[in-house]
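Visitor: Show me how the following folds:
(chains A and B)
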Amino acid sequence: MLRQGIGRLVRTREFGVVVVLALLVLFISSTERGEAFLGPISLQNLSRQVALLGVFAIGQAVVIIAGGIDLSVGTLIGFTGVLCAWLLSRAGWSLGASVAAVLAFSACVGIVHALLIHRFRLLPFIVTLGSLFIFLSAGQLMTNNVPIPVSPQDSPYSEEFQFLGNGKIWGVPVPVYILLAVLIAVSVLMHFTVVGRHIYALGNNEEATRLSGISVLRTQMIAYGLCSLLAGLAGILYASYQRQGIPGSGLSYELKAIAAAVVSGCSLSGGQGTVIGAVIGAALLNVILSGISFVIQQGASNWEGTVVGTILLVTAILNRLQQQWLARKR
Amino acid sequence: MQRLLLWLVVVVALLTVGCAKRESPTTTSSSSGEKKVRIVLVTNGSSPFWDPMEVGMRRAAEELGCEATSRRPQTDSPALQRQIIEEYQAQRVDGIGISVIESETVGPLIDELMNSGMKVITFDSDAANSKRIAYIGTNNFEAGKAAGEAAKRLLPEGGKVFGFVGNQNAPNARERIAGFREAIKGTNIVLVDVFDDNKDPAKARANVENVLQAHKDVKMLLGLFSYNGPQIAAAVKEAGLLGKVKVLCFDAEPETINHLKRGEIDATVVQKPYEFGYRSVQLLYKLITLGDVQKALQEFERESGYKVGPNNTIDTGVEIITPQNIEEYLKRLEALGIKSS
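Guide: Presented below is the predicted three-dimensional model:
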């Protein structure tokens, strides 16, 4: 039973990433400042970064599994952050109303993406690339490129607002709870509901899905709507974490989300991967990024790209070797 | 496999197209006369940093009775800036001031403009090897030194300092860091390392959080780009280290001003963008109307009170703003018609 369980675990696509992640943590904690890396505050900071990235990497994973891609999540995060700060500080809305409005807006963005992709037979990347530029510019237009602070003199809700990104409950950052809730909800959706099966089916073979009477449009609306909704949620959390809405923030985060989803097994041709894999991928990326400042004493920033790129490639190679080994065993 | 390749192409395209172009012109012209002197100032991006520059530009244009326009390229793409300058070359304006994004790209164009009889100066960011007549702006090495002097006042005992910046290889960052190192020479202050964030504010904050955990003995954090200050202050506050770790930064974003008012940032080094605009128009106008470079520079020196340094560089200087003088500083800006820079 136990052996079977372990065997199944080893066979999963996420296993290689977990191994690399574990080795990395071991390595970092064995270095001179390793003790501080595993200290409570460092773990709080790290888990918050993982949660912030994980929330929208989950959305990206859903879209990738459905055979698409969403390039707009990065600038949508920037724009929704600005929108949320604007509603709170400039329009004087309550926290609940602002958050609800931003989330509703974000979900609509994804639904519009799905409609455009479906109605005009456009490629997802063209549609979402268009949005990428629009949201970048919209945030700049809305603010004249000056960040909008949410401090106590701007909004009576500033303390509650900043709690979402900065607060802790029982020593654990609030975004971590939000990530867990999102992860559980989306995992249930993907693995235990008809909608989830449709999303996987759509990614595997769109034509077959259509022929079997499944509404492709409805499935795409759910996948893209969920992805944009989660980007909007991440936008609120990032703005809260920064205590301001910053135009132009979130730029190129879509690449981080794609990397997090793909490194642990989401196939860019669709139909494969899991959302928990995206969270593990997010953890790997952030452990590397924080680890660098603990391990490298001088010129850490110049090493960053080399380290991140190498570890991503090594992980991808391990993944591939594992799959080949399993295929041969079968 | 094909799809995979397709996505790869997309990602690459995305990075390339990331430098797409849009720009926004602002024109001011005074009322009287025909065939007015036409001056254009081209910035290096669309940042609100340029708002006070435009206020100064308009003021000078009104006073001198010339026409002055500013153009802000929407991105920091050298190719886009070159294209914008070429538009004004075609329009044959009388004088042009440029905050140079990339001197290799724009330098040869400046020489071409000068050869065609146009008056060209640089402001904020120089192309020192081109034929531009003069440069007006912050001497970033001196600004770094001013930051270093402020650090000495804040840390009389010395201690470890970490720096945070968008890209430490950018010329202004490099000069600020070099100036800072120069000023702290011979003291117990050590600038241990500088972290890049590629202008991603969340990464800027995460960098600070990591340093605060990895180096418990850090005494001061130095933010070298305008958005670094608020990120540092937020991280220090969150870690409960306000007062224990000093915060020194550059420029005065809205959140920086808020933190200064609350005493959560100890000092910020501010530049004088209003002066960039005002003095660029003033100098270009003199160069165009007098026709003689030496005479124009002499008159400029006499009227502005600035010294023209070697290679015709004019340093407009910096100010150190602290929680003690922030209110007075804001009042002065308001009097000039500027909200905050």
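
Visitor: can you pull out the strands in chain B?
Guide: Per DSSP state E, chain B carries strands over the ranges B:23-29, B:38-42, B:67-73, B:95-98, B:119-123, B:135-137, B:159-165, B:189-196, B:218-223, B:246-250, B:267-270, B:313-315, B:319-321.

Visitor: again, but for the stretch 51-200 of chain A
Guide: Secondary structure of the stretch 51-200 of chain A (DSSP state E, counting those that start in this stretch): strands at A:148-149, A:168-169, A:172-173.

Visitor: For B:Val269, find the nearest of the ones you listed.
Guide: strand A:148-149 (20.6 Å; C-beta to C-beta). Every residue, glycine included, has its C-beta placed from N, CA and C.

Visitor: quick one: which helix or strand includes whichever residue of the stretch 151-300 of chain A sits closest to chain B?
Guide: Proximity of the stretch 151-300 of chain A to chain B (C-beta to the nearest C-beta) peaks at A:Ser293, 4.0 Å away. Applying DSSP states H and E as the criterion places A:Ser293 in helix A:275-295.

Visitor: could you measure the residue lying closest to A:Asn319 once chain neighbours are set aside against chain B, distance?
Guide: Of all residues not flanking A:Asn319 in the chain, A:Gly16 sits nearest, at 4.5 Å (C-beta to C-beta, 6 or more residues apart in numbering or on different chains). Note on A:Gly16: its distance to chain B, by C-beta to the nearest C-beta, to the nearest Å, is 18 Å.

Visitor: Is it correct that A:Gly16 is in contact with A:Ile311?
Guide: No: the pair A:Gly16 / A:Ile311 is not scored as a contact, 11.8 Å apart, by C-beta atoms under 8 Å.

Visitor: So for these two, which sits in the more crowded spot?
Guide: A:Gly16 (23 against 20; other C-beta atoms under 10 Å in any protein chain shown).

Visitor: who touches the more buried one in this structure?
Guide: Contact analysis of A:Gly16 by C-beta atoms under 8 Å, 6 or more residues apart in numbering or on different chains lists A:264, A:315, A:318-319, A:322.

Visitor: and if we set it to 6 Å?
Guide: By C-beta atoms under 6 Å, 6 or more residues apart in numbering or on different chains, the contact list for A:Gly16 reads A:318-319, A:322.

Visitor: Number of residues surrounding the residue nearest to B:Gly158 when sequence neighbours are not counted?
Guide: Among residues not flanking B:Gly158 along the chain, B:Asn188 sits closest, at 2.3 Å (C-beta to C-beta, 6+ apart). Other residues near B:Asn188 come to 13 when the count uses other C-beta under 10 Å.

Visitor: Hmm, B:Asn188 is touching B:Val161, no?
Guide: No: judged on C-beta atoms under 6 Å, B:Asn188 makes no contact with B:Val161 at a distance of 10.7 Å.

Visitor: and the gap between B:Leu330 and B:Ile257?
Guide: Going from B:Leu330 to B:Ile257 by C-beta to C-beta, to the nearest Å gives 7 Å.

Visitor: So between these two, which is more surrounded?
Guide: Shown here are B:Leu330 and B:Ile257; by other C-beta under 10 Å, B:Ile257 has more neighbours (21 against 18).

Visitor: residue nearest the centroid of the chain?
Guide: As the question left the chain open, I've gone with chain A. Centroid-nearest residue in chain A, with C-alpha atoms, centre = their mean: A:Ala57, separated by 2.0 Å.

Visitor: Chain B is the one I meant
Guide: Among the residues of chain B, the one closest to the centroid is B:Asp124, at 5.6 Å (C-alpha atoms, centre = their mean).

Visitor: quick one, phi psi at that residue?
Guide: phi 70, psi -50 (degrees, to the nearest 10).

Visitor: Spatially nearest residue to it, not counting backbone neighbours?
Guide: Spatially, and ignoring its direct neighbours in sequence, B:Asp124 is nearest to B:Ser99 (3.9 Å; C-beta to C-beta, 6+ apart).

Visitor: residues in contact with residue 224?
Guide: The chain I'm using is chain A. Contacts for A:Tyr224 were tallied using C-beta under 6 Å, 6+ apart; they are A:110, A:113-114.

Visitor: To clarify, I was referring to chain B.
Guide: Counting by C-beta under 6 Å, 6+ apart, B:Leu224 touches B:163, B:165, B:173, B:176, B:250.

Visitor: Report the lowest-confidence entry in these.
Guide: The lowest pLDDT within the contacts of B:Leu224 belongs to B:Ala173, with 90.

Visitor: Surely that residue touches B:Phe164?
Guide: No: with contact defined as C-beta under 6 Å, B:Ala173 does not count as touching B:Phe164 (10.2 Å).

Visitor: Tally up the residues packed near the residue of the stretch 51-200 of chain B found nearest chain A, please.
Guide: Residue of the stretch 51-200 of chain B nearest chain A, by C-beta to the nearest C-beta: B:Asp196 (3.7 Å). By other C-beta under 10 Å, 24 other residues sit near B:Asp196.

Visitor: Repeat that for A:Ser94.
Guide: Counted with other C-beta under 10 Å, the neighbours of A:Ser94 add up to 14.

Visitor: Distance of it relative to A:Ala234?
Guide: Distance from A:Ser94 to A:Ala234, by C-beta to C-beta: 21 Å.

Visitor: before we move on, back to that, report the buried members of the contacts of A:Gly16.
Guide: Listed as buried from the contacts of A:Gly16 are A:319, A:322; burial here means 16 or more other C-beta atoms under 10 Å in any protein chain shown.

Visitor: wait, which of the contacts of A:Gly16 is closest to chain B?
Guide: A:Asn319 (13.8 Å).

Visitor: For the closest one, which three-state class applies?
Guide: With DSSP: H, G, I helix; E, B strand; the rest coil as the basis, the three-state label of A:Asn319 is helix.

Visitor: quick one, what contacts residue 165?
Guide: In the absence of a named chain, chain A is used. Neighbouring residues of A:Gly165 by C-beta under 6 Å, 6+ apart: A:237, A:240-241.

Visitor: if you could check chain B rather than the one you did, that'd help
Guide: Taking C-beta under 6 Å, 6+ apart, one finds B:173, B:194, B:224-225 in contact with B:Val165.

Visitor: Now do the buried residues in stretch B:258-268.
Guide: Residues B:258-260, B:264-268 are the ones in stretch B:258-268 that count as buried (16+ other C-beta under 10 Å).

Visitor: can you dump the C-alpha coordinates of it into PDB?
Guide: What follows is stretch B:258-268, C-alpha atoms only, in PDB (Å, rounded to 0.1, in the frame of the first residue of the first chain):
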ATOM      1  CA  ASN B 258       4.200  60.300   3.200                       C
ATOM      2  CA  HIS B 259       6.900  58.200   4.800                       C
ATOM      3  CA  LEU B 260       9.000  61.300   5.300                       C
ATOM      4  CA  LYS B 261       6.200  63.100   7.000                       C
ATOM      5  CA  ARG B 262       5.900  60.100   9.400                       C
ATOM      6  CA  GLY B 263       9.600  60.000  10.000                       C
ATOM      7  CA  GLU B 264       9.900  56.500   8.400                       C
ATOM      8  CA  ILE B 265      12.400  57.700   5.800                       C
ATOM      9  CA  ASP B 266      15.400  59.500   7.300                       C
ATOM     10  CA  ALA B 267      16.500  61.400   4.200                       C
ATOM     11  CA  THR B 268      15.900  61.600   0.500                       C
END
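
Visitor: quick check: mean pLDDT across it?
Guide: Mean predicted confidence for stretch B:258-268 is 96.

Visitor: Report whether that stretch contacts chain A.
Guide: Yes: using C-beta under 6 Å from any C-beta of the partner chain, stretch B:258-268 reaches chain A at B:Asn258.
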